[in-house]
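> model the structure of this input:
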Amino acid sequence: MRKTYVFRALLGLLGLLFWGMSFAGQQPEIPVRLKTMKQELQRNFDALQKEQVPPYYISYSIDEVRTQSVSGTFGAITNRDENKTSFLKIDVRVGSYHFDSSHELRGDTLSRLRDRFSSGDRAPLDESPDALRVLLWQGTDKAYKSAVGTFSKVKSEKSLKVAEEDKSDDFSKPDFHLSVEKALMANVNLDVWAAKIRKYSEPFKKYPHILDSSAVFQNEIRHKSFVNTEGTILSTPVNYMRLYVTATTKADDGMEMPLYLSYFGFKESELPTEEKVMSDIAAMIGTLEKLKTAPVVDPYIGPAILSGKASGVFFHEILGHRLEGHRQKSESDAQTFKKKVGEKVLPEFMSVVFDPTIKELHGLKLSGAYSFDDEGTKGEKVVCIENGILKDFLMSRTPIDNFPRSNGHARCQPGLKPVSRQSNLLVESKNILSEQKLRQLLIEECKKQNKAFGLIFAENQGGFTSTGRVSPNAFNVTPLVVFKIYTDGRPDELVRGVDLIGTPLTTFGKIIATGSTMEVFNGICGAESGSVPVSSVSPSILVSEIEVQKKAKSQEKPPILPPPAKDKK
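Down below sits the predicted model:
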C-alpha cells in the first residue's frame, strides 16, 4: 500500500509541475476558480491515499450556465428572465481502471437510476475560493464514501451473478489536455428581442383555428471548468442562440396538430431576418388551416420519402442511439449493433459520420459542436458506418470489447453524469438523385407494389426509441406534415394523424436512394445523462417500405365558445 501511495503522489506532483511549467510558458490568464479546483483536487486526492481503499481517480467539473430568455403569445410577453447557475459535479473512483466503483450494478436498478440522475451540487456564482474549497471538501468526502460503498456492492455482485459478456475495463486512459479559453461575453439586448417576440407571436391571434401559440428566444452561455488527477485542465466556453415559434390547431375529431419553427445560431447575426421569420410564420398558419380539415391516414405499409429534416430525426432516433458505446456494454440493453462490426447495416452507398469538431456544413450551423466532451476528452470525428459497413461506436471513457479508448463523445446536461451521446450526425450518400427523380422513383416503386399512393414526410417533430431488452426494440417518430403522392397523377394531398413506426434492422435495409438537398435538424436530445444539443444533417431518403399507425388523439371537443371579438379601431 505504501508503494502505491508514493507512486500516486509522484503522479500528482508531476501534474502540478506540468501545470506550472505550461502556464509559465503560455502565460494565459488563469481563472481563480480553476486554480482553486486544481489545488483542492490534489490536496484531497493526496489525503485519501492514506485510506484503506484509496481512490485512483478524481475529477471536478463546474458548469456555469447563463441564460437570457423572453417568450410571448398572441402579441404579448408572458415571460422574461435572466439567470445564472453554476453546477458542480465530482467523480471519485476507487478500484482500478480495469474494475472500479462505476461498474454496472445489475441487481440494483434503483441505485443506478439515482446515481445517473443525481443533479450534483451548486457552485458559487462568483470567484469565492474559500466557499468553493469548502464545497469541494464536503463533496469529495461524500463522493468518496459513496464510491467505497458501491465498490463493495459491485465486488459482491461479481462473485454471485453470472459472468458478464463484456470483458473490457471500466475506465480508459486517455491523453491529458490543457486548454484555457476566456469566458464569452455574449449578452443580448432583451428589449430588442421582446419587440421581436411580440411581432412573431401577434399574427396568430387573427385566426380562430389557432388554439395555442408561442414564440421564444433563448441565449445560453455555458462555461466549463474541469480538472482531474490525470493532469487534464480545461476552461471552455460555448454559446447557443435559439428562436422557436410554435402553434397548434385542433380538428373536429379532437386531434391536435402542432407545427414548429426552429432557428439556431452561435451568435445573433446567424439567426434569420425578421422578414424570413414572418414569411415562415405565414406559411405555418396556412398549413395549420389545411391540417384542421385534412383527412386522417389509415394504417399503411408502403414506399415513402423522408425529407432531409425528417430523415435527420429518423437517423438520430433509430440509428444514432444504437451506436452509443455504453449501450453495447450494459447487460440490460439489447445491443443491436455490438456483434455487427464489420457487417453491412446500411446500403453500401451510405455512410454515417459523427463530428463534433465542425460548427458549420454546407452553410448550415450545427448545434452539436464542441471542443472537449464532459469527461475532458477532445472531441473527434468518428466514421461509424462506411459504405454501409459498421466500423465504430460513439465512445466515452467507458470501454467496450475491442473499443478500448474514448473518441470524445461523453456528454451530459450540466450537473449530471456523462455517458456516450451523439454530436453532429452527418449522413453521406453516393446514390444521389435530384428531388424530382427521387419523387418519380417513389411513384414507380408504388406501382411495382400495387400501391395507389406513397407518402412524403416533409417535417417531423421528434420521436423516441426503445433500446432495452425488456420492451420491444422499436422506434416511433412523430411526423407533422405528411402528403399522399398518388400514382395516377392526382394532386398531392395533405394528410394527418400518422406515427412512423418500425424496427431498426428491418427499416435500414429498405433504403433505396437519397436526394440531392441536404437539410439540418438542430435539436435537444434527452436521454440518461439529460438534455444535450445535437444536430443531424441528411439528404431526403426513399424507403421501399415504411409503416405508419394512427396517432393518438384527445377526446375533448374543440372550443365551444366563440373566439374573442377583435378590437375595433
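> which other helices and strands contact the one helix or strand Lys89 maps to?
Element membership of Lys89, judged by DSSP states H and E, is strand 76-94. Using 3 or more Cβ pairs under 8 Å, 6 or more residues apart in numbering; DSSP states H and E as the contact test, the elements touching strand 76-94 are strand 55-73, strand 121-122, helix 129-160, helix 190-201. (C-beta placed from N, C-alpha, C; glycine too.)
> looking at those, which is nearest to Leu34?
Evaluated over the helices and strands packed on strand 76-94, closeness to Leu34 peaks at strand 55-73, with 8.9 Å, by Cβ to Cβ.
> tell me the mean pLDDT over stretch 286-294?
In this model, stretch 286-294 has an average pLDDT of 95.
> can you give me the buried ones in that stretch?
Within stretch 286-294, the residues that count as buried by 16 or more other Cβ atoms under 10 Å are 287-288, 291-292, 294.
> stretch 137-156 too?
Neighbour-count burial for stretch 137-156 [16+ other Cβ under 10 Å]: 139-140, 143-144, 146-148, 150-151, 154.
> which residues does it contact?
Outside of stretch 137-156, the residues within contact range by Cβ atoms under 8 Å, 6 or more residues apart in numbering are 40, 44, 48, 51, 53, 55, 58, 88, 90-95, 99-101, 103-105, 108, 111, 115, 121.
> gap between Ser311 and Pro479?
12 Å (Cβ to Cβ, to the nearest Å).
> cool, Gly342 as well?
34 Å.
> okay, the two: which has more neighbours?
Ranked by neighbour count (other Cβ atoms under 10 Å), Gly342 and Pro479 place Pro479 first, with 27 against 8.
> tell me what that one is bridged to.
On the basis of DSSP bridges, Pro479 takes part in beta bridges with Asn460.
> I figured it hits Phe457, correct?
Yes - in this structure, Pro479 is within contact of Phe457 by Cβ atoms under 8 Å, at 4.8 Å.
> shared neighbours, the two?
310, 500.
> now do the contacts for His326.
Taking Cβ under 8 Å, 6+ apart as the contact definition, His326 lies against 396, 398, 400, 419-420.
> which of the residues you listed tops the neighbour count?
When the contacts of His326 are compared by neighbour count (other Cβ under 10 Å), Ser420 ends up highest, at 29 neighbours.
> phi and psi next, for that residue.
phi -70, psi 130 (degrees, to the nearest 10).
> ok, it - contacts?
Counting by Cβ under 8 Å, 6+ apart, Ser420 touches 324-327, 393-396, 398, 409-411.
> burial count for Val192?
12.
> can you check the one 4 residues further on too?
Taking other Cβ under 10 Å as the criterion, the count of residues near Lys196 is 17.
> surely it touches Phe217?
Yes - counting by Cβ under 8 Å, Phe217 is a contact partner of Lys196 at 7.0 Å.
> show me what the longest strand along the chain is packed up against.
Of all the elements of type strand in the chain, the one with the most residues (DSSP state E) is strand 530-550. Applying 3+ Cβ pairs under 8 Å, 6+ apart, we find strand 530-550 packed against strand 300-306, helix 308-318, strand 424-429, helix 435-448, strand 498-502, strand 511-527.
> next, the angle helix 308-318 makes with that strand.
If you take axes from the mean of the first three to the mean of the last three Cα atoms, to 10 degrees, strand 530-550 sits at 110 degrees to helix 308-318.
> give me the mean pLDDT for strand 530-550.
Mean predicted lDDT for strand 530-550 stands at 93.
> for it, buried residues please.
530, 532-549.
> check stretch 321-337 too.
Neighbour count says stretch 321-337 has 321-330, 333-337 buried, by 16+ other Cβ under 10 Å.
> in helices only, show me those.
Counting by DSSP state H, the part of the buried residues of stretch 321-337 found in helices is 326-329.
> so can I have CSV of those residues showing distance to Lys359?
Formatted as CSV, those follow (distance: Cβ to Cβ, whole Å):
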residue, distance to Lys359
His326, 26
Arg327, 27
Gln328, 29
Lys329, 31
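> any idea which of the residues you listed is closest to Gly502?
Arg327 (18.9 Å).
> find the nearest non-adjacent residue to that closest one, please.
Of all residues not flanking Arg327 in the chain, Asp333 sits nearest, at 4.5 Å (Cβ to Cβ, 6 or more residues apart in numbering).
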